[in-house]
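> mind folding the following:
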Amino acid sequence: MGKGLLKSEWLKQIAVAVGFVVTYEAAHPFSHAQFALGSALRLLWLLFLPYRYWPALAIGEFAPNFLTVYPCLDQFGALWVAFRAIPPIAFMMPVVWYCRARLALFPSKRLVNVNALLICAVASSLALTAYSSLAMVISHFQPGTLALTPAGAFAYFIGFYFAMLAAVPWALIARFELRAGRWQDKLRRALQSRLFLEGMAVLLPSTALLALVSYRSDANYGQLGLMAMFLPVVWLTLRHGWRAAALGGTLTIVCAAYVLPSEIYNANVIAIQTELFLAVTITSLFAMGARISEQQIQGRQATNGHELARQSYQQGELRLRQTAHAVDDVAARLNLAISRLLRQMRHLNPQVENETYYQQAIAAHQEIHQLAESLHPTAWRERGLPAALQEMIGRALDEAGIAYRCNITGRGFTRMDPAVLAAAYRVSCEAIVHVSKRLACSSVRLTLRGGETHHMRWLVVRVEGSMDDAKVARAIHNATDRQRLPVKLGASGLDRDQLSELVRIFDGELHYRAGAERMSVTMLLHDARRVSHDSTPVRLWVH
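Model (predicted):
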């Protein structure tokens, strides 16, 4: 067993090394002095892969790197070959590690910190620039080689940084979108979005026209044309946020990289000014676009409307709780009154058989009690949400012939807003009813996890149903109890879209996955009450 796991881990390491070399060599023909695509690929591999695979990346780059520089031994010397044999990705690893571990580059699986991303790109570009500049200084020890100039060092930096700005955001966007659903649906929505339409109708023609004017004009007019390319990018960013900045920035960078000359061999102050202007402008647009995206999200969520919806939801739950308590009280009084009436009838006429009436009274009392339980369980009122999830739902599923397990973990339940706890119970019941509609559903597992991240409390509810076709006959036998399951749990029988709308009231998300043997519904709910920090800086977290 241990040898098999060790062998599998070694195979993964080898696959990572080979995959990195293959992608790097495939991208090499598209690299340019002002657009070093290889640097972007290095950053992407370091961002996406766990730390345990980083040595494989360094080893994978060492072999082709050494084979490339070794033939230059006579021209540049052994010192240069020894230094250039060091994989450039090794110089980037400390920078990327710091950004991932210390700057919270990925606050969650669906968010990226744009501030940390830009810092990572700049610092990685500086690290690669220092590597390339030092290699050029070492090569200058040999006669007949070019000396390093400030323009050449800046050209190195721009080539690395432009490639990272152009390629890395798209990889991050693809990663987030593919996790959220089917890529065919995501691609169709992207092609039908206003961002794509306006980008193709306005941004692409204007950028291409300005690039053509810059290419055919003299230095002064060419510089103005390149600098003017940021204007349509600003317009699109103001409308659509950071993804528009990624689209416009990529087009601008690609055009600028192939229009401007390389400063490594030909120092050009005008070109350096243009590149510096574009680099600062596009970086600023990314930050501004992230802020705009955050504001757009907040606007779409309609904070005031959410607060009103939360309050209405909480008031509805309070009314249900009061109604359930009143119904229970009425049921107890009615049962007592009927019992007294039957005893009086027995005293007046001993020959009357009261046993049937007693049974009917007890049955009526139980039905009224079940109605009150469906409105608001007694276990919830007396012992809290965990008791309701374990007892009320467990009893209803047991009567329907469905096995049930409930696992509650985490912390912060006592500090949660009552509306969030109420929503957690209701969405749990709705999801269980939705999953158990399939006759093959033989067992249900409910997982409730609470926590607090960045001063925001949250709840995750996961309902997972196991399908077993061999137990369909048993389900048919319990069809009546299964049909009454929504009534027992107080569920409305919401479909997936309606349940998703309910989750969005609490700034949450719903993920649905259905297979032949398993169906799961996962819901995230956020508590609106948040610890306030006046000195907390604006966080540019986007997805």
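
> just to be sure, Leu103 is in a helix?
No. Assessed by DSSP: H, G, I helix; E, B strand; the rest coil, Leu103 does not belong to a helix; its assignment is coil.

> may I have the phi/psi pair for it?
phi -100, psi 10 (degrees, to the nearest 10).

> domains of the protein?
Domain assignment for the chain by automatic domain parsing gives 1-180, 193-300, 302-376, 383-531.

> could you dump these to CSV with distance to Lys186, mean neighbour count and mean pLDDT?
Glycine gets a C-beta too; all of them are placed from N, C-alpha and C. Listed next are the domains of the chain as CSV, based on distance: least, CB to CB, whole Å; neighbours: other CB atoms under 10 Å; pLDDT from 0 to 100:
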stretch, distance to Lys186, mean neighbour count, mean pLDDT
domain 1-180, 5, 17, 87
domain 193-300, 10, 18, 81
domain 302-376, 25, 14, 66
domain 383-531, 14, 18, 83
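
> nearest to Leu187, out of these?
Closest approach to Leu187 among those is made by domain 1-180 (8.7 Å; CB to CB).

> could you pull out the helices in the stretch 301-450 of the chain for me?
Using DSSP state H, counting those that start in this stretch, the helices of the stretch 301-450 of the chain run over 303-348, 355-375, 378-383, 385-387, 393-399, 418-435.

> now Ala516, what's its secondary structure?
Ala516 is classified as coil under three-state DSSP.

> do the same with the one 4 residues further on
Under the three-state scheme (three-state DSSP), the conformation of Ser520 reads as strand.

> and it, how close does it get to Ile393?
For Ser520, the distance to Ile393 (CB to CB, to the nearest Å) stands at 16 Å.

> equivalent analysis for Thr480, please.
19 Å.

> so which residue is dead centre in the chain?
Arg110 (1.6 Å; CA atoms, centre = their mean).

> could you say which helix or strand holds Ser284?
Following DSSP states H and E, one finds Ser284 within helix 269-301.

> which other helices and strands does that helix contact?
helix 114-139, helix 150-180, helix 219-228, helix 230-240, helix 242-259, strand 541-542 (3 or more CB pairs under 8 Å, 6 or more residues apart in numbering; DSSP states H and E).

> just the C-alphas of the third one, formatted as PDB.
Extracted as PDB, the C-alpha positions of helix 219-228 are listed here (Å, rounded to 0.1, in the frame of the first residue of the first chain):
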ATOM      1  CA  ALA A 219       8.000  58.100 -33.300                       C
ATOM      2  CA  ASN A 220       6.100  61.100 -31.900                       C
ATOM      3  CA  TYR A 221       2.800  60.300 -33.500                       C
ATOM      4  CA  GLY A 222       3.300  56.600 -32.800                       C
ATOM      5  CA  GLN A 223       3.800  57.300 -29.200                       C
ATOM      6  CA  LEU A 224       0.500  59.300 -29.000                       C
ATOM      7  CA  GLY A 225      -1.300  56.500 -30.800                       C
ATOM      8  CA  LEU A 226      -0.100  53.900 -28.300                       C
ATOM      9  CA  MET A 227      -0.900  56.000 -25.300                       C
ATOM     10  CA  ALA A 228      -4.400  56.600 -26.700                       C
END
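
> contacts for that helix, please.
210-211, 213-215, 217, 255-256, 259-260, 268, 270-271, 273-274, 277-278 (CB atoms under 8 Å, 6 or more residues apart in numbering).

> again, only using 10 Å
206-207, 209-217, 252, 255-256, 259-261, 268-271, 273-275, 277-278, 281 (CB atoms under 10 Å, 6 or more residues apart in numbering).

> what does the fourth one give?
With contacts defined as CB under 10 Å, 6+ apart, helix 230-240 is touched by 193-196, 198-199, 202-207, 210, 243-252, 277-278, 280-282, 284-286, 288-290, 292-293, 296.

> quick one: distance of it to the chain centre.
25 Å (CA atoms, centre = their mean, to the nearest Å).

> that one vs helix 269-301, what angle?
Counting by axes from the mean of the first three to the mean of the last three CA atoms, to 10 degrees, helix 230-240 lies at 10 degrees to helix 269-301.

> tilt between helix 230-240 and helix 242-259?
In terms of direction (the same axes, to 10 degrees), helix 230-240 departs from helix 242-259 by 160 degrees.

> for the helices and strands packed on helix 269-301, which one sits closest to Asp398?
Closest among these, once you apply CB to CB, is helix 150-180, at 35.8 Å.

> the closest one: what's the following helix or strand?
helix 183-192.

> for that following helix, name the packing helices and strands.
helix 150-180, helix 194-198 (3 or more CB pairs under 10 Å, 6 or more residues apart in numbering; DSSP states H and E).

> could you give me the buried positions within that helix?
For helix 183-192, the neighbour count (16 or more other CB atoms under 10 Å) marks Lys186 as buried.
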